[in-house]
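K.L.:
Predicted structure and sequence below. I'll ask about it afterward.
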Number of protein chains: 2
Amino acid sequence: MSEMDLQKLFKPKSMAIVGISKKNPLSPGRIVLLKNEFEMNVKVYGIYPTGGEIEGIKLYERLDKLPEIPDLLVIAVNANDTIGYIQDCADLGIPSSVIIGGGFAEVGGEGLERQKKLEKIAFDNDIAVLGPNCLGVYAPPLVDTIFLPTERLTKPPKGSVALISQSGGVLVDQFFNKFYERNIGVSTAVSIGNRAVVDESMLLEYFSKVDKDTTNIAFYLEGFKEGKAKKFAQLVKESEDTVIVFYGGKTKEGKVATKSHTASLAGNYEIIYNALRQNFVIQPHSERELLTCLKVYDVLSKRRNPFGKSVVTFGNVVIVSGSGGHGVIASDMLKKYGLNAVQLTDEEKEHLKSLTSLTAREIASFNNPIDLTGSVLDTDIENVVRYLSDIERIECIILLILPYPPNISFQVGRRIANVVLSKRKPVVCFIPYIPKYSLIIESLELANIPVFHSIKETVQAVSALKQRTRIRNVKQGNIYWE
Amino acid sequence: MSEMDLQKLFKPKSMAIVGISKKNPLSPGRIVLLKNEFEMNVKVYGIYPTGGEIEGIKLYERLDKLPEIPDLLVIAVNANDTIGYIQDCADLGIPSSVIIGGGFAEVGGEGLERQKKLEKIAFDNDIAVLGPNCLGVYAPPLVDTIFLPTERLTKPPKGSVALISQSGGVLVDQFFNKFYERNIGVSTAVSIGNRAVVDESMLLEYFSKVDKDTTNIAFYLEGFKEGKAKKFAQLVKESEDTVIVFYGGKTKEGKVATKSHTASLAGNYEIIYNALRQNFVIQPHSERELLTCLKVYDVLSKRRNPFGKSVVTFGNVVIVSGSGGHGVIASDMLKKYGLNAVQLTDEEKEHLKSLTSLTAREIASFNNPIDLTGSVLDTDIENVVRYLSDIERIECIILLILPYPPNISFQVGRRIANVVLSKRKPVVCFIPYIPKYSLIIESLELANIPVFHSIKETVQAVSALKQRTRIRNVKQGNIYWE
């Protein structure tokens, strides 16, 4: 059993950086030095062979000249010199390190040998090494080893999701950027690169058992570390957090690509998928589905979420729409996502009709999907959602809001939010993403009612709730069900 | 053979509106009156039983009191009164009409009878009636019968796509809004509602044979009009335009929904799909795929598009990425979209390496996908795209641009555009949609190089090119191929 302390990696009190260029302001080491000194809360030390300073920050000649042993060493030098610095960590007792540079297993040949050396030193000395060939750690407000200038990135808000990616590019682009767009909160983000030492299982264990800020753990993986898939599955079983894995390299073409990217042996995707499914891992089929799941789970992690922590949804839904076509398109997706359209009784339809304004009721349809048409008023949506919330066999309402009709006001979001907060029936909303309607979107988001900007994501959101229900149920010893 | 003149519907010189409310400023008739008077170029006449005026616009007491016979009558009264106005069209010789209101076939019973009456008058008198139960026509700069206030909509730019939708909501939301986001141009948009008279086949014929502004014709359909699927297929065969159909009501759940929406009998989706595929209709599986196809085809319709009108792509691609993970994710999608990763020879890889900057080349991978890594420079992308453009067996380059690395400049888009414009090899780009990078996005878009904001859409774009190639080939009498 390893005695590596991952807390030193993610919550360091102090860090040192080697590989700072005095000439090139865009060199990775220099960017990391400056962004941590100026933007983050960790104590930062720069190392430069001849000392001196950069932008007012004093540089130390060697690691052994620092006033303290840092918790973390960021290494931004070439592959050959990297080994020497890892040896320094061992000699000086530096407990963790991020290795940014490539030139290891991913290039084959010599690189493989180099990586083996690195692994030996790290494991022999319990140094929690992240990388090589990675962006490292983004753990706000403390530390950020991502060598891309902050102003070039869009950063996600603080939240419940620990993000672990085998690709730095996927982390900052497909995750950071899209989390920001969707207002999904991140606790810590980790780019694992070649994961020579710290791997997905160690991270799963840390975020499950140690890190209190995390309740959802999301992975982008191009395959499991050799011999570690079983361990990973076991850890998922024990975890109280929700674990989500999205795979790169599922197809023959993708596998070829992963080889030169992270030297991963992706293995047989279908076998892994099925094994992990039994072991309660949520495995979205697309990136968008991944993001939708995380949006929903992040909302559920909030203390003030309107549905409570224990939302149970087996997928029985009613669709309420302001457009017949939207209702049709949403209905077309139900089966694919394992959802079921609840049949409304004639009595319920009559009730719904009586709750709707005179103009709308004549042309509206009260089957499921309910189509309130372009003659809809705010109060129609409010009354319909309130009535449906009281019907027990409806587990979730898919609400497709089109703010184009002239009678829909800017209060519509607040009105719906009030109903949802009082009824506590899961409601997921579609509202087109148009800046002028952000007041409506924000009314709902502030009440932690998840809003999506495509019909597909809105339907996927209910599927995400259903999948989470299944996993919770099975973990609690209830019978396995689809 | 009908003698209906659809040009009167889409390019009217004058229009009249019945169903204007003096009390309710949000009534459909009044909104249509004002938006055409104040925003469009058509001559507008309002009808009100007691005459008078609204916001300075003179109202006429009856249709027969107008100073001229209008080309178009917009009817925004209840279902019962509608029939009388259609009879007026017949009596006065008004050649076209848009019926906004519902209460016809879609409500069953009496409504069915009403619709039959309407059809008889229209067909007997060759009145081109659009609807009922529709938003009607948006044909800039002349006419706009959409009763939703203009400031509530986002309008697409002018372009090559005729849009025909069986759902008004889908038209203004899923199409207008997303066309605007993606900069896809529209020639005319039509909401057909119950299509009692003017149906999808008549519109296909008009936009193929008469309307010179249209080169792409896109449909959202919940089924073909009874007995009209064959006619539609025949018209597609004869058309020189590209025809794209997206279906609502493909599944059992969706079919239930279409019944109350447009009273369509969706029929067996699989049979229709296969029949039309043979007949050269492009049939995307999702809305996003539909939008991607239209984006590509709209670009190809531009005189100054860099690929020419006759771009031929059988799906042989190279992926160039700034992130290994993005390359893996894109590669995973190739097979699904019928694309093939071109194998690069060792010599080509050596050449590519020699064209890349010293820092990047050591860690970059020159297999397909090419991963230029976070150490990439503008010139690396430029040189790699230029070199690949000269390799004949590469038909299209999928370029995944991540602007986060510090050495990527704001010139990168312009640099790539210059290469593409000189080489004329199809290139489709992914750039994350982040406002601060819009300068890069616009550099490419201004050169008519299509830019997408998800990996999936970028891959779909090449598939759209391939599908168009197949159809062009078969229409030109070449052998059928997959």
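P.N.:
Looks like it arrived, so ask away.

K.L.:
Could you pull up the residues touching the closest residue to A:K252 other than its chain neighbours?
P.N.:
In space, and not counting its chain neighbours, A:K252 is closest to B:K335: 7.3 Å by CB to CB, 6 or more residues apart in numbering or on different chains. Placement of C-beta: from N, CA and C, glycine included. If you count contacts by CB atoms under 8 Å, 6 or more residues apart in numbering or on different chains, B:K335 has them with A:T251, A:K252, A:E253.

K.L.:
ok, now how distant is B:K335 from A:Y269?
P.N.:
From B:K335 across to A:Y269, the span is 13 Å (CB to CB, to the nearest Å).

K.L.:
Of the contacts of B:K335 - the most surrounded one?
P.N.:
A:E253 (22 neighbours; other CB atoms under 10 Å in any protein chain shown).

K.L.:
Three-state assignment for the nearest residue to that one once chain neighbours are set aside, please.
P.N.:
With CB to CB, 6+ apart as the criterion, A:E253 has its nearest non-adjacent residue at 4.3 Å, and that residue is B:S331. For B:S331, the assignment made with DSSP: H, G, I helix; E, B strand; the rest coil gives helix.

K.L.:
Let me know whether B:S331 touches A:K259 as I believe.
P.N.:
No. When contacts are counted by CB atoms under 8 Å, B:S331 is not listed as touching A:K259 (10.8 Å).

K.L.:
What is the neighbour count of A:R386?
P.N.:
Per other CB under 10 Å, the neighbour tally for A:R386 reads 18.

K.L.:
Next, the contact list for it, please.
P.N.:
A:V419, A:K423.

K.L.:
what helix or strand is it on?
P.N.:
Per DSSP states H and E, A:R386 falls inside helix A:378-389.

K.L.:
right, and the helix or strand after that helix?
P.N.:
Heading C-terminal from helix A:378-389 (DSSP H and E), you reach strand A:396-400.

K.L.:
strands paired with that next one, and their directions?
P.N.:
Paired with strand A:396-400 in the same sheet, following DSSP bridges, are strand A:316-321 (parallel), strand A:427-430 (parallel).

K.L.:
and A:S167, backbone torsions?
P.N.:
phi -130, psi 120 (degrees, to the nearest 10).

K.L.:
interface residues of the stretch 1-150 of chain A facing chain B?
P.N.:
By CB under 8 Å from any CB of the partner chain, the part of the stretch 1-150 of chain A that sits against chain B consists of A:L26, A:I31, A:G101, A:G102, A:G103, A:E106, A:V107, A:N133, A:L135, A:F147, A:L148, A:P149.

K.L.:
State the three-state secondary structure for the third one.
P.N.:
With three-state DSSP as the basis, the three-state label of A:G101 is coil.

K.L.:
pretty sure it is touching A:P132, no?
P.N.:
Yes. Judged on CB under 8 Å, A:G101 makes contact with A:P132 at a distance of 6.0 Å.

K.L.:
what sits in contact with each of the two?
P.N.:
Applying CB under 8 Å, 6+ apart, one finds that A:G101 and A:P132 are jointly contacted by A:A79, A:T82.

K.L.:
the longest strand in chain A is where?
P.N.:
strand A:158-165 (DSSP state E).

K.L.:
so how far is that one from its chain's centroid?
P.N.:
With CA atoms, centre = their mean, to the nearest Å as the basis, strand A:158-165 stands 5 Å off its chain's centre.

K.L.:
ok, and what's touching that strand?
P.N.:
A:140, A:171, A:175, A:179, A:184-192, A:200, A:203-204, A:207, A:211, A:213-220, A:294, A:297-298, A:301-302, B:325.

K.L.:
Which members of the residues you listed are positioned in helices?
P.N.:
Of the positions in the contacts of strand A:158-165, A:F179, A:E200, A:L203, A:L204, A:L294, A:Y297, A:D298, B:G325 sit in helices, assigned by DSSP state H.

K.L.:
Around the second one, how many other residues sit close by?
P.N.:
When neighbours are defined as other CB under 10 Å, A:E200 has 24 of them.

K.L.:
and the closest residue to A:E61 other than its chain neighbours, what are its phi and psi?
P.N.:
Spatial nearest neighbour of A:E61, chain neighbours left out: A:G51 (4.7 Å); criterion: CB to CB, 6+ apart. Backbone torsions for A:G51, taken as degrees, to the nearest 10, come to phi 70, psi -140.

K.L.:
Counting neighbours, what do you get for A:Q343?
P.N.:
Residues lying near A:Q343 (other CB under 10 Å) number 12.

K.L.:
Quick check: closest non-adjacent residue to it.
P.N.:
A:N368 (6.8 Å).

K.L.:
now A:I20
P.N.:
Counting by CB to CB, 6+ apart, A:I20 lies nearest to A:G29, which is 4.2 Å off, once chain neighbours are set aside.

K.L.:
who's in contact with that neighbour?
P.N.:
Here A:G29 is in contact with A:I17, A:V18, A:G19, A:I20, A:S21, A:V74, A:A76, A:V77, A:I100, A:F147 (CB under 8 Å, 6+ apart).

K.L.:
So the first one: helix, strand or coil?
P.N.:
For A:I17, the reduced secondary structure class is strand; criterion used: three-state DSSP.

K.L.:
distance of it from chain B?
P.N.:
A:I17 is 16 Å from chain B, where distance means CB to the nearest CB, to the nearest Å.

K.L.:
So which of the residues of the stretch 1-150 of chain A next to chain B sit within helices?
P.N.:
Using DSSP H, these in helices are A:I31.

K.L.:
Pull out the buried residues from the least confident helix or strand in chain A by mean pLDDT.
P.N.:
Of all helical and strand segments in chain A, the minimum by mean pLDDT, DSSP states H and E falls on helix A:269-278, at a mean of 74. Across helix A:269-278, burial judged by 16 or more other CB atoms under 10 Å in any protein chain shown covers A:Y269, A:I272, A:L276.

K.L.:
quick revisit: tell me the confidence at the residue nearest to A:E253?
P.N.:
pLDDT, B:S331: 97.

K.L.:
Over to A:T313?
P.N.:
85.

K.L.:
Go ahead and confirm it touches A:A464.
P.N.:
No. Shown here, A:T313 and A:A464 do not form a contact pair, counting by CB under 8 Å, at 9.2 Å.

K.L.:
For these two, indicate the residue with more neighbours.
P.N.:
Shown here are A:T313 and A:A464; by other CB under 10 Å, A:A464 has more neighbours (28 against 20).

K.L.:
ok, that one to chain B distance?
P.N.:
For A:A464, the distance to chain B - CB to the nearest CB - is 19 Å.

K.L.:
give the contact list for that residue.
P.N.:
Contacts of A:A464 (CB under 8 Å, 6+ apart): A:I282, A:E289, A:T292, A:C293, A:V296, A:Y297.

K.L.:
what helix or strand is the second one on?
P.N.:
It stands for A:E289. In the assignment (DSSP H and E), A:E289 maps to helix A:287-300.

K.L.:
Give the other helices and strands that that helix contacts.
P.N.:
On a contact count with 3 or more CB pairs under 8 Å, 6 or more residues apart in numbering or on different chains; DSSP states H and E, helix A:287-300 meets strand A:158-165, helix A:178-182, strand A:216-221, strand A:242-247, helix A:455-475, helix B:455-475.
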